[in-house]
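Asks: I'd like to go over a predicted model; first the sequence, then the structure.
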Amino acid sequence: MAKFQSLADAVADNLKDGDSVAFEGFTHLIPHAAAHETIRQGRKDLTVMRMTPDMIYDQLIGMGCVKKMIFSFAGNPGVGLLRRFRDALENGWPHQLEIEEHSHAAMANAYEAGAAGLPCAIFRGYRGAELTRVNPNIKYINCPFTGEELAAVPALRPDVAVIHALKANRKGDVFLEGITGVQKEAVLASKRSIVTVEEIVDDFDGISPNATVLPSWTVTSIAVVPGGAHPSYTQGYYGRDNGAYIEWDKVATERDTFTAWMSEHVLNQTPDVFASRVAHLKTQG
C-alpha cells in the first residue's frame, strides 16, 4: 500500500546507487522535483530509462548520477540538443555514458511487457531501421502461428519508477489525466515507485473509482510536492514554462555555467522552491 512521505524520505527509502530508474512523463507531468532530490542525495551509477529524455536527464547526466541511459529520442523539446548528454557521450564528462537507443514503439511495448511480467516485448517494428546496427538488444523472431517475422526487445522492469500526478486521495489512490505517456505502465513494471502529487484530497469529487489510474496497492511512496513538474506542466494547476527550456540551452552549453546553475537552483534548494516558481509563473499570466 502507498506510504505518504516527504520527497527526501521517499527518494532515500526507494532509490539506491546502481538502481535502474524511470523518471517518466510525456511533455506533461515530468517529475522534475524528484529528479532534483535524486541529485541532491548524490545517487550514482544509475541506469535511467525514458521514452523522451529531456532537461532532467541532462541534469542527472551532467551531475554524474547516470551510468547508462535506455531511451527513445533525446532532446530539449522545441529548443534543440541535450548538451550535457552530448558532452558525456562524446567527451566522457563527467564520465563516460552507455546508451541503448530504441524507437518510441519499442519503449512503450517494453514497459507494457514489464508491467505484464513478461521477459520481452514482441511487436511489428524496426523493419529497415538502422538502430538494429547499433543496438544488439533488438532481435527478430518468427511468429509460431503465422511465420511472420517480428521484432523483440527486452522488457523494461525498472527497480524504481518515478512520476508526477495531479492528486492522490487519503487512501493512496493516484489520479492521473491529461496528456500521459507510459507512467501507468512504468509504475506497474517497477519493483518500487515514487509518485509526487500536487495535492492530497479526501476523494476525487464524484469521479468514478474506475477512473483511478493507479490504485494505492500499486504505489510504494507518495510525496506532496506542489509544482513538482515545473517547468513542464500539470493540467489544471499551471502551464508549461517555455522560457525555462529556452534558458536551459544557454545554461547547459558550458560546463561552468551548468555547474553554477545546478549549485544555485538544485543543490542548495528544497522541494518548496517548485511551489514558489509556479506561483510566480501564474502571476505572469
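Replies: Alright, I've got the coordinates. Numbering: from 1, shown residues only.

Asks: From now on I want contacts and neighbour counts done on CA atoms only, so please keep to that.
Replies: OK.

Asks: those helices in this protein, which residues are they?
Replies: 7-14, 32-40, 55-62, 83-91, 104-115, 183-189, 242-253, 255-262, 272-283 (DSSP state H).

Asks: The second one relative to helix 255-262, how many degrees between them?
Replies: Looking back up the chat, that one is helix 32-40. 110 degrees (axes from the mean of the first three to the mean of the last three C-alpha atoms, to 10 degrees).

Asks: How far off centre is helix 32-40?
Replies: Relative to the mean C-alpha coordinate of its chain, helix 32-40 is positioned 11 Å out (C-alpha atoms, centre = their mean, to the nearest Å).

Asks: now it against helix 7-14, angle please.
Replies: 60 degrees.

Asks: Can you list the neighbours in contact with helix 32-40?
Replies: 7-8, 11, 23, 56, 60, 63, 65, 162, 196, 225, 228-231, 266-267, 270-271, 274 (C-alpha atoms under 8 Å, 6 or more residues apart in numbering).

Asks: Ok, stretch 71-89 next?
Replies: In contact with stretch 71-89 (C-alpha under 8 Å, 6+ apart) are residues 49-55, 57-59, 61-62, 93-104, 107, 245-246, 249, 252-253.

Asks: from those, which would you call buried?
Replies: 49-55, 57-59, 61-62, 93-97, 99, 101-103, 107, 245, 249, 252 (16 or more other C-alpha atoms under 10 Å).

Asks: Can you give me the neighbour number for F145?
Replies: 6 (other C-alpha atoms under 10 Å).

Asks: same question, the one 4 residues further on
Replies: Counted with other C-alpha under 10 Å, residues neighbouring E149 total 15.

Asks: Would you check how far apart P144 and Y126 are?
Replies: 19 Å (C-alpha to C-alpha, to the nearest Å).

Asks: out of those two, which sits in the more crowded spot?
Replies: Y126 (19 against 8).

Asks: Just confirm that one contacts A151, I think it does.
Replies: Yes. Contact criterion C-alpha atoms under 8 Å: Y126 and A151 qualify, at 6.6 Å.

Asks: In a markdown table, list the helices of the chain along with mean pLDDT and distance to A211.
Replies: Output for the helices of the chain, formatted as a markdown table (pLDDT from 0 to 100; distance: least, C-alpha to C-alpha, whole Å):
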| stretch | mean pLDDT | distance to A211 |
| --- | --- | --- |
| helix 7-14 | 98 | 26 |
| helix 32-40 | 98 | 25 |
| helix 55-62 | 98 | 29 |
| helix 83-91 | 98 | 37 |
| helix 104-115 | 97 | 19 |
| helix 183-189 | 97 | 13 |
| helix 242-253 | 97 | 30 |
| helix 255-262 | 98 | 38 |
| helix 272-283 | 60 | 27 |
